[in-house]
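**Student:** build me a structure from this.
(one chain, ligands or ions: 2)
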Amino acid sequence: MINDTIAAISTPLGPGGIGIVRISGSGAFSIMKKLFVRGKYGEIGKPSHELRLSSHFVYYGHLIDPKTDTIIDEILAIFMKAPKSFTREDVVEFHSHSGFVVLDRILSVIVDNGAVLAGPGEFTKRAFLNGRIDLTQAEAVIELINAPCETAVQLASCQVAGGLRDVLDGVSGSITSLVAKCESSIEFYEGSELDHENDLRNIQRTLRQSILPNLSTLIQRQKDTAIFKEGVLLAIAGAPNVGKSSLLNRLVEKETAIVSEVPGTTRDVVREYFSINGVPVVICDTAGIHDTNDPIERIGIKKARDHFHQADLVLLVLEATRKLNDFEEKLVQELGNLKTIVVINKDDLAEDDMDLSNQKQIAGMPHIRVSAKIGTGISELKGLIFKDLVSSKSVFSQEHVTPNLRQRKILEKIVQAIERCLLAIDSHPSPDVVSEMLNNVLLLLADVSGKRNKEDLYDHIFSQFCVGK
Ligand SMILES: Nc1nc2c(ncn2[C@@H]2O[C@H](COP(=O)(O)OP(=O)(O)OP(=O)(O)O)[C@@H](O)[C@H]2O)c(=O)[nH]1
Ligand SMILES: [Mg+2]
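**Tutor:** Numbering: from 1, shown residues only. Ligands and ions are numbered 1, 2, ... in the order given. Prediction:
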C-alpha cells in the first residue's frame, strides 16, 4: 500500500560506526516529531509537535522512546520533504550508532508510532511508482548493490543515471514520429497508393538504417558484458598428481587446496573465487580422473565430470614431463566439445626436447606451459582465459549503455517485430497495418522501461532487493 509510511534499517546489520534507519511516506515527519529532540544530552526537553526543521539539513539531537521517556541514542537526523527525496515522498533518516540492538530499538519505536515495516526493495519500488526512476534504473540499483567487480559497478552506474532510459526514450520518440507519418499518410493521401508507398519506404529506411542498428548494438552489449555481472565458472581437470590443486592455489594466490605428492589427495570439489581483469571467476579444483575401485574417489570423479560439463571453460592439466597416458587420452576425447585450455604443468621439470604440445591428441587445442610450483606462465594463462571468455569488442567506458538479460529478451522481440514490419512494407504496403505494427513495438518498449503496468513483474524485480533499499 503506497499510502503507508514505511520504515527499515538501511545499513547492514552488525556492529559499525553508523547505522541508518529510514522512514518514507506522508507520516514520516510526524513520527520524527514524536521521537526526535534537538540538542545536547542534559539540555534536551521532550519531543514536540512544535519541532521546526528545514528540509535537507542535518540536525544533531537524541532519539527518545516516548513510552518510557528514555534516550535510545545520540543521533543525526535529516528530513527530506517530498518530492525532493529518493521515493518522492517525505523521507526521514536517523543516523545512529550501529549495533543490532540500537537499530532494532529505533525501528521498533518508529513502528510503534505509526510506520509499517518496509518489504524488500520497497523504497526503490516507491521511487519507481512515483515516477522518479524508470524500471531500467530500478533494476540497475539492484545490479549496483550486487555488482561483483569494478566493471559491473561501472555498467550499473550508467544505467542508474538513466543511460538506458535515455536511449530507449530516443527510440520510442523516433518510432512515435514514424507512427505519426503513417497516420498522416492515411489522412492526406487517401486512395493514392503511390504516395503511401513513398512514405512507407521512408519509414522502412529509418527503421533499417537507424533504429535496428541501435537496438542490435544494445543486444550485443548485453551479451558482451554478461560475464562481468554474472562471472564465469572454471573447472580444473586432469589425472591425479599432475598439479591441479597447485594450479588453483597459484591462480587464486592462496593456499586453498591441499597439495601433496600422494596421488588422489583431492577428492571433493574445492571452490575458490578470484577475478581476471575484472571478470569474477569461480574456479573448481576436482579429483584426478583415473580408474579406481575406491568408492569415495569414484564419487569425487563423478562430481568432477559434472563440473566439467557445467563450466564455461575447462583447464585440462597435463604433465610436461611425460606423454599422455590412456586416461588422459580418454579425458581429452571426453572434453571434446567443451571449451578447454590445455595447461602443460611442471614445465620446470621438463626435458629440453620434450614438447607435449606436439602430441596429436591435443594438437589444435589452445595450450600453455606453466609451472604451478614456481609461478611461470601463470599471468599468460590468465591472459589466455580472459581472451577466451571475453569478446574482443568488450571494451567499456562508463558511458556504455548496457541492458540486462530481461531487457535484452524484450529488445530481441522488438527487433523481430520491426523485421516483420519491414517485410510487411515489402509485401503489402498499407499505412494502417504498419502503424499498428509500430504501435506494438511502442508497447514492447514500454515493457522494458516499465511504463506498461505489470504488477507481477514489479513484484518479482523488487523482491530481489534487500530490505531497506
Ligand atoms: N616441480 C613441480 N612440481 C609440481 C608442480 N605442480 C605441482 N607439483 C607437485 O606435484 C605434486 C602434486 O601436486 P597437486 O597440486 O597436489 O596435484 P593434484 O593434481 O591436485 O593431485 P590430486 O589431488 O592427487 O589429483 C605435489 O608434490 C606438488 O608439489 C610444478 O609446476 N612443478
Ligand atoms: Mg589435488
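**Student:** longest strand anywhere in this protein?
**Tutor:** strand 70-80 (DSSP state E).
**Student:** tell me what that one is packed against?
**Tutor:** Contacts defined by 3 or more CB pairs under 8 Å, 6 or more residues apart in numbering; DSSP states H and E place strand 70-80 against helix 28-35, strand 58-65, strand 91-98, helix 100-112. Quick note: C-beta positions are derived from backbone N, CA and C, even for glycine.
**Student:** CA atoms of it as PDB?
**Tutor:** Taking C-alpha atoms only, strand 70-80 is exported to PDB below (Å, rounded to 0.1, in the frame of the first residue of the first chain):
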ATOM      1  CA  THR A  70      14.300   7.400  27.900                       C
ATOM      2  CA  ILE A  71      17.000   8.300  25.400                       C
ATOM      3  CA  ILE A  72      17.700   5.500  22.900                       C
ATOM      4  CA  ASP A  73      20.700   7.100  21.200                       C
ATOM      5  CA  GLU A  74      22.500  10.300  20.300                       C
ATOM      6  CA  ILE A  75      21.800  10.700  16.600                       C
ATOM      7  CA  LEU A  76      21.900  12.900  13.500                       C
ATOM      8  CA  ALA A  77      18.500  13.400  11.800                       C
ATOM      9  CA  ILE A  78      17.600  14.500   8.300                       C
ATOM     10  CA  PHE A  79      14.200  15.400   7.000                       C
ATOM     11  CA  MET A  80      13.700  15.400   3.200                       C
END
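**Student:** contacting residues around that strand?
**Tutor:** Residues from elsewhere that reach strand 70-80, judged by CB atoms under 8 Å, 6 or more residues apart in numbering: 28-29, 32, 36, 41, 44, 53-65, 90-97, 102, 105-106, 109.
**Student:** report the buried members of these.
**Tutor:** 28-29, 32, 36, 53, 59, 61-65, 90-96, 102, 105-106, 109 (16 or more other CB atoms under 10 Å).
**Student:** tell me the spacing between whatever residue of the stretch 51-200 of the chain ends up closest to ligand 1 and residue 280.
**Tutor:** Nearest residue of the stretch 51-200 of the chain to ligand 1: residue 148, at 26.7 Å (CB to the nearest ligand atom). Residue 148 sits 4 Å away from residue 280, going by CB to CB, to the nearest Å.
**Student:** any common contacting residues for these two?
**Tutor:** Shared contacts of residue 148 and residue 280 (CB under 8 Å, 6+ apart): residue 231.
**Student:** need the contact list for residue 304.
**Tutor:** Neighbours of residue 304 in contact, by CB under 8 Å, 6+ apart: 235, 237, 269, 286, 287, 289.
**Student:** for it, which three-state class applies?
**Tutor:** With DSSP: H, G, I helix; E, B strand; the rest coil as the basis, residue 304 sits in helix.
**Student:** one step back: of the contacts of residue 304 - the most surrounded one?
**Tutor:** residue 237 (30 neighbours; other CB atoms under 10 Å).
**Student:** let me know the average pLDDT across the helix or strand containing it.
**Tutor:** Residue 237 is part of strand 232-238 when elements are defined by DSSP states H and E. Averaged over strand 232-238, pLDDT sits at 95.
**Student:** which non-adjacent residue is nearest residue 202?
**Tutor:** Excluding the flanking residues, the one nearest residue 202 by CB to CB, 6 or more residues apart in numbering is residue 181, at 7.3 Å.
**Student:** helices and strands around the strand or helix carrying the one you found, which ones?
**Tutor:** According to DSSP H and E, residue 181 maps onto helix 163-188. Using 3+ CB pairs under 8 Å, 6+ apart, the elements in contact with helix 163-188 are helix 135-146, helix 193-206, helix 212-230, helix 431-449.
**Student:** now do that helix against helix 135-146, angle only.
**Tutor:** For helix 163-188 against helix 135-146, the angle by axes from the mean of the first three to the mean of the last three CA atoms, to 10 degrees is 170 degrees.
**Student:** what residues of helix 163-188 count as buried?
**Tutor:** Neighbour counts using 16+ other CB under 10 Å place 163-165, 167-168, 171-172, 175, 178-179, 181-182, 185-186 of helix 163-188 among the buried residues.
**Student:** repeat that for stretch 112-127.
**Tutor:** Neighbour-count burial for stretch 112-127 [16+ other CB under 10 Å]: 113-116, 118, 120-127.
**Student:** residue 211 and residue 174 touch, don't they?
**Tutor:** Yes. Using CB atoms under 8 Å, residue 211 is in contact with residue 174, at 5.9 Å.
**Student:** and the residue of the stretch 1-150 of the chain found nearest ligand 2, how many neighbours?
**Tutor:** Relative to ligand 2, the nearest point of the stretch 1-150 of the chain is residue 148 (26.3 Å; CB to the ion). The number of residues packed near residue 148 is 17, by other CB under 10 Å.
**Student:** surely it is in contact with residue 281?
**Tutor:** No. Residue 148 lies out of contact with residue 281 (CB under 8 Å); the separation is 9.9 Å.
**Student:** so what sits against both of those two?
**Tutor:** Joint contacts of residue 148 and residue 281 (CB under 8 Å, 6+ apart) are residue 231.
**Student:** in stretch 457-467, what counts as buried?
**Tutor:** Going by 16+ other CB under 10 Å, stretch 457-467 has these buried residues: 458, 461, 462, 465.
**Student:** repeat for stretch 436-450
**Tutor:** By neighbour count with 16+ other CB under 10 Å, stretch 436-450 contains the buried residues 437, 438, 440, 441, 442, 444, 445, 446, 447, 448, 449, 450.
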